[in-house]
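**Student:** Next one to model:
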Amino acid sequence: MLKPRQIERIVKGFSNHRRIQILDLLDTSPGLSLMQISERLRINYKTASEHVRRIANAGLINKRNRSSEVLHTLSDQGVVILKFLRKLE
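**Tutor:** This next block holds a predicted model:
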């Protein structure tokens, strides 16, 4: 069972519309780099970087190094959270 602080960290990971968009994007297009995420959502690279950092800190995405790029995919927890968010729609 998760502790309240752990739940708070997870909730903060998706408590922004851009972060929800990133989760949704990684669900439909797994394995994107930070540059690809910023381009597809048409947001500033630094803004995308901060959102991805927060999502990763919450444990909702996985990062994998491929040469000089870091590729992002949803973690198992991220998949669960995205399903939860879609039920709210």
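**Student:** From now on I want contacts and neighbour counts done on CA atoms only, so please keep to that.
**Tutor:** OK.
**Student:** residues in contact with the spatially closest residue to residue 24 that is not a sequence neighbour?
**Tutor:** Nearest residue to residue 24 in three dimensions, chain neighbours excluded: residue 82, at 7.2 Å (CA to CA, 6 or more residues apart in numbering). Contacts for residue 82 were tallied using CA atoms under 8 Å, 6 or more residues apart in numbering; they are 20, 23-24.
**Student:** now residue 65
**Tutor:** With CA under 8 Å, 6+ apart, residue 65 has these contacts: residue 71.
**Student:** go on, residue 53?
**Tutor:** Going by CA under 8 Å, 6+ apart, residue 53 touches no other residue.
**Student:** chain center to the helix or strand harbouring it: distance?
**Tutor:** Using DSSP states H and E, residue 53 falls within helix 45-57. Chain-centre distance of helix 45-57: 8 Å, with CA atoms, centre = their mean, to the nearest Å.
**Student:** So for that helix, mean pLDDT?
**Tutor:** Per-residue pLDDT values across helix 45-57 average out to 97.
**Student:** now swap in stretch 76-89 and tell me
**Tutor:** 96.
**Student:** Can you mark which positions in it are buried?
**Tutor:** 78-79, 81-82 (16 or more other CA atoms under 10 Å).
**Student:** Also stretch 55-73?
**Tutor:** 55-56, 58-63, 71-73.
**Student:** Tell me where the protein has helices.
**Tutor:** All helices of the chain, identified by DSSP state H, fall at 4-13, 17-28, 34-41, 45-57, 76-88.
**Student:** Residue 67: which of these is closest?
**Tutor:** In terms of CA to CA, the element of the helices of the chain nearest to residue 67 is helix 34-41, at 14.0 Å.
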